[in-house]
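>>> fold the following.
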Amino acid sequence: MENLPNPIVRPKPKYTQLFINNEWVDSASGKKFGTYDPTNGEKICDVAEADKSDIDIAVAAARKAFAHKSEWRNTAPSVCVNTNDIFCVDFSKNFSRYFQYMIAARVWSF
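Numbering: from 1, shown residues only. As a prediction, the model looks like this:
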């Protein structure tokens, strides 16, 4: 237990936009809403508010990715395995890197 890092008590959100088509974007309407700390009622930040047009854009992007003969859908299985391996390595690096943040955010939500 002596090697544990100091916890992040009030983590700052890194992203407040919508994640659509593999990128962070503002909502089409530009609307945002506040998120609040349940322990003290203080505002944490404003985040993008998705509406029907944002959902339509996200669904269209997903359909395009899964479309017949699309580049992603027709990727050879061997490439997918390598991509998944890379994803797993990246995930494990990021998990270790952001573990404190994730735990603090989870504990903070109670």
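
>>> contacts and neighbour counts: CA atoms only from here.
Noted.

>>> so where is the protein shaky, pLDDT-wise?
By pLDDT under 70, the weakly predicted segments of the chain are 1-5, 7-9, 72, 74-110.

>>> strands along that one, start to end?
18-20, 23-25, 32-36, 43-48 (DSSP state E).

>>> for the last one, name the packing helices and strands.
If contacts are counted by 3 or more Cα pairs under 8 Å, 6 or more residues apart in numbering; DSSP states H and E, strand 43-48 sits against strand 32-36.

>>> swap in the second one?
If you count contacts as 3+ Cα pairs under 8 Å, 6+ apart, strand 23-25 packs onto strand 18-20.

>>> so which bits of the strand it packs on are buried?
Buried residues in strand 18-20, counted by 16 or more other Cα atoms under 10 Å: Leu18, Ile20.

>>> what sits up against that strand?
Trp24, Val25, Asp26, Ser27, Ala48, Glu49, Ala50, Ile57, Ala58, Ala61 (Cα atoms under 8 Å, 6 or more residues apart in numbering).

>>> list only buried entries from the residues you listed.
The buried subset of these - by 16+ other Cα under 10 Å - is Asp26, Ser27, Ala48, Glu49, Ala50, Ala58.

>>> would you list those in TSV and tack on distance to Ser70?
TSV is the format used below for the buried ones among the contacts of strand 18-20 (distance: Cα to Cα, whole Å):
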residue	distance to Ser70
Asp26	26
Ser27	26
Ala48	30
Glu49	30
Ala50	27
Ala58	17
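
>>> go through those and name the one nearest His68.
Ala58 (17.9 Å; Cα to Cα).

>>> how far away is the nearest residue to that closest one once chain neighbours are set aside from Asp54?
Leaving out its chain neighbours, the residue that sits closest to Ala58 by Cα to Cα, 6 or more residues apart in numbering is Ile20, at 5.4 Å. Ile20 sits 8 Å away from Asp54, going by Cα to Cα, to the nearest Å.
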